[in-house]
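Trainee: What shape does this take:
(one chain, ligands or ions: 2)
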Amino acid sequence: MSAVAEVLYSQAEFRRFAASGEEFLYLVPSGGIFGVSPAVRDALDLLEAGPVAAEDLLAGLVAKGYSLADADGIVTELFQARVIRDQTGYADPPQEAVEDFPLQSLVLNLTNQCNLSCQYCYEYGEDKVATPEGKPKFMDETVARASVDHLFASAQGRRAVHITFFGGETLMNFPLLKWVVEYGKSKARETGQYLDFSLTTNGTLLSEPVIEFLAKNDIGVTVSMDGAKEAHDALRVFANGKGSYDIVAPKVKALIARHKSRPIAARVTMTQQVTNVKEIFHHLRHELGFAEVGFAPVTAAPDRLYTIQTKKMDSVLDQFRELAYEYRDYAVQGKAHGFSNVSDTLAELHAGINKSHPCGAGLGLVGVGPSGDIAPCHRFVDSDEHALGNVLEGGMDKWKQKEFLAKGHIGAKYDCHSCWARPLCAGGCHHEAFVRYGDTGHPNLHFCDWIRDWTGICLEIYGDIAVQNPAFLDAFEKRKALQ
Ligand code: SF4
Ligand code: SF4
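Mentor: Residues are numbered from 1 along each chain as shown. Ligands and ions are numbered 1, 2, ... in the order given. Model prediction:
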């Protein structure tokens, strides 16, 4: 604390919140969570009205009964934790887009064909970005091999890598899925890396042999379902308009009964017609038996009939809040609840995440389509405009990748710079941004209030669990260790 007389301290950027009778700060520059002790509160009170000279801050603390040495220690700790700042800010250089960031996750779109005709589908619906004309409809072994080779060649230094199978309807190319599992395992044996598989499916093709294979090979499964029969059949239909619930539900039950080594998850796409979150959660979690249920709003232009309007999103938030509190009550008793929107956010808060980009797309994760084109993620597969190279033709085009990442970097999103939720949101999904604004780097400003409210709820839940059953948060340590 030399030359204290020249230094002016002020409160740094944080969000103050209370949980279970205790107070916390969510530190925006670092993404960390900091418990407010009486000493911290005293120091912050002194800075409430604006910047204060260092010597006056120390004197103020001494006047509140602290020794000079303790006051100095408090101020130093607060500065180092970024709870307070001086007039020069911090010495950190701004975070740059990372070059040669090792790949961790490969999403293989095994086919761009689907046996359902969901109106809102981002691949075939009104807002599709894919341009599949003239490209193969099914991936073959040559492309799959080159994709897996690309993953391992680009994932050096990673302890664990992931392959996710996607579609179209993934299981329409089940023979290739089986081949990739064998090939991927042989590559992982060579490199000594841990390889994990998962797939997303609409559930219609979950036959007994498929389920057996998934269970035996420990493959994580997410089934796209929109709730009980009426909600599910509103938009998840076959080409003849018939709903798919009656086909999918018994297959899901058989999957859950056989496949016990991984939590089987449901993923719900919320539309204007499907917003009864609590009822949907209850059905999928407790009547069908999914271990986890996650919700995401449909990605669509604002004027589509199925796009959720603001009023409905308010009701969704109220229901999310109720489910989040239920999650907290389970967590306090050490029990798993299954609302994965909460677990995903708690995991990020626990890891102290401060994102340069909203997600791993184009960074630690890429999608590859049947043609071998590399896309930032599964949602951009088969789009000429967004292709970042081809696994058969030299792999990743580093310039295109750099351009995509520079656009999506938080530093380029000026609207987000004063937002306290930016460590987790970082402007939101690139694909949604493209559908809404025609630019993958545009912040998703249509949901900001919603995102901030939801993040605030999750902070409170995190604080409650940290106070009442901190051991529950250990599970997130294990999740982090596999990243
Ligand atoms: S998109 Fe909105 S909520 Fe997200 S970081 Fe930017 S301003 Fe904040
Ligand atoms: S761009 Fe959007 S859809 Fe793609 S990985 Fe990121 S958040 Fe997911």
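
Trainee: Can you report how many residues neighbour the spatially closest residue to Pro29 that is not a sequence neighbour?
Mentor: Spatially, and ignoring its direct neighbours in sequence, Pro29 is nearest to Arg82 (5.0 Å; C-beta to C-beta, 6 or more residues apart in numbering). Quick note: C-beta positions are derived from backbone N, CA and C, even for glycine. Look at Arg82: counted by other C-beta atoms under 10 Å, it has 20 neighbours.

Trainee: Would you check that Arg82 makes contact with Gly31?
Mentor: No. Using C-beta atoms under 8 Å, Arg82 is not in contact with Gly31; the gap is 10.1 Å.

Trainee: Alongside ligand 1, which residues does the stretch 301-450 of the chain contribute?
Mentor: 415-416, 419, 421-422, 425, 427-428, 443-445, 448 (C-beta under 6 Å from any ligand atom).

Trainee: most neighbours, which of these?
Mentor: Highest count within these by other C-beta under 10 Å belongs to Gly427, 26 neighbours.

Trainee: Hmm, that residue is touching Ala433, no?
Mentor: Yes. Between Gly427 and Ala433 there is a contact under C-beta under 8 Å: 7.2 Å.

Trainee: Identify the contacts common to these two.
Mentor: With contacts defined as C-beta atoms under 8 Å, 6 or more residues apart in numbering, the residues shared by Gly427 and Ala433 are 441-444.

Trainee: okay, the lengthiest helix in the chain in CSV with CA atoms only?
Mentor: Criterion DSSP state H: the longest helix present in the chain is helix 310-332. C-alpha atoms of helix 310-332 as CSV (Å, rounded to 0.1, in the frame of the first residue of the first chain):
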residue,chain,number,x,y,z
THR,A,310,-42.7,-11.1,-24.7
LYS,A,311,-45.7,-11.7,-22.5
LYS,A,312,-45.3,-15.5,-22.8
MET,A,313,-41.6,-15.1,-22.0
ASP,A,314,-42.6,-13.4,-18.7
SER,A,315,-44.8,-16.3,-17.8
VAL,A,316,-41.9,-18.7,-18.8
LEU,A,317,-39.6,-16.7,-16.4
ASP,A,318,-42.2,-17.0,-13.6
GLN,A,319,-42.3,-20.8,-14.1
PHE,A,320,-38.5,-21.1,-14.4
ARG,A,321,-38.3,-19.2,-11.1
GLU,A,322,-40.7,-21.7,-9.4
LEU,A,323,-38.8,-24.7,-10.8
ALA,A,324,-35.5,-23.1,-9.8
TYR,A,325,-36.6,-22.7,-6.2
GLU,A,326,-37.8,-26.3,-6.3
TYR,A,327,-34.3,-27.3,-7.6
ARG,A,328,-32.7,-25.3,-4.7
ASP,A,329,-34.9,-27.2,-2.1
TYR,A,330,-33.8,-30.5,-3.6
ALA,A,331,-30.2,-29.4,-3.6
VAL,A,332,-30.3,-28.4,0.0
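
Trainee: which of the residues in that helix are buried?
Mentor: Neighbour counts using 16 or more other C-beta atoms under 10 Å place 312-313, 316-317, 319-321, 323-324, 326-328, 330-331 of helix 310-332 among the buried residues.

Trainee: repeat for stretch 157-165
Mentor: In stretch 157-165, counting by 16+ other C-beta under 10 Å, buried: 158, 161-165.

Trainee: Tell me which stretches of the stretch 101-250 of the chain form strands.
Mentor: Assigned strands in the stretch 101-250 of the chain, in chain order: 105-109, 160-166, 194-201, 220-224 (criterion: DSSP state E, counting those that start in this stretch).

Trainee: which of these is buried the deepest?
Mentor: strand 105-109 (a mean of 25; mean count of other C-beta atoms under 10 Å).

Trainee: In its sheet, which strands sit next to that one, and in what direction?
Mentor: strand 160-166 (parallel), strand 365-368 (parallel) (DSSP bridges).

Trainee: Can you add distance to Gly134 and mean pLDDT and give those back as CSV?
Mentor: CSV is the format used below for these (distance: least, C-beta to C-beta, whole Å; pLDDT from 0 to 100):
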stretch, distance to Gly134, mean pLDDT
strand 160-166, 21, 97
strand 365-368, 17, 98
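
Trainee: how about these, which one is nearest ligand 2?
Mentor: strand 365-368 (6.3 Å; C-beta to the nearest ligand atom).

Trainee: who in the stretch 351-483 of the chain is up against ligand 2?
Mentor: Contact residues, the stretch 351-483 of the chain versus ligand 2 (C-beta under 6 Å from any ligand atom): 358-359, 361, 377, 379, 429-431.

Trainee: ok, Ser186 - contacts?
Mentor: With C-beta under 8 Å, 6+ apart, Ser186 has no contacts at all.

Trainee: pLDDT below threshold where in the stretch 1-150 of the chain?
Mentor: Along the stretch 1-150 of the chain, the model assigns pLDDT under 70 to residues 1-5, 90-99, 122-127.

Trainee: So which residues on it come close to ligand 1?
Mentor: Residues of the stretch 1-150 of the chain lying close to ligand 1 (C-beta under 6 Å from any ligand atom): none.

Trainee: Need the pLDDT of Ala301.
Mentor: pLDDT for Ala301: 69.

Trainee: Quick check: phi and psi at Ser10.
Mentor: Per-residue torsions, Ser10: phi -140, psi 170 (degrees, to the nearest 10).

Trainee: What of Glu23?
Mentor: Main-chain torsions, Glu23, degrees, to the nearest 10: phi -110, psi 140.

Trainee: again, but for the one 5 residues further on
Mentor: The phi and psi values for Val28, taken as degrees, to the nearest 10, are phi -70, psi -40.

Trainee: which bits of this structure sit near ligand 2?
Mentor: Counting by C-beta under 6 Å from any ligand atom, the chain sits next to ligand 2 at 358-359, 361, 377, 379, 429-431.

Trainee: did I read that right, Arg85 in a strand?
Mentor: Yes. Assigned with DSSP: H, G, I helix; E, B strand; the rest coil, Arg85 falls within a strand.

Trainee: What sits closest to it if chain neighbours are left out?
Mentor: Ala12 (4.3 Å).

Trainee: if we can go back for a sec, name the helices or strands packed onto the longest helix of the chain?
Mentor: Counting contacts by 3 or more C-beta pairs under 8 Å, 6 or more residues apart in numbering; DSSP states H and E, helix 310-332 is packed against helix 277-282, strand 292-297, helix 340-350, helix 448-468.

Trainee: okay, these in CSV with distance to Pro102 and mean pLDDT next?
Mentor: Below are those laid out as CSV (distance: least, C-beta to C-beta, whole Å; pLDDT from 0 to 100):
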stretch, distance to Pro102, mean pLDDT
helix 277-282, 36, 96
strand 292-297, 27, 93
helix 340-350, 20, 96
helix 448-468, 28, 96
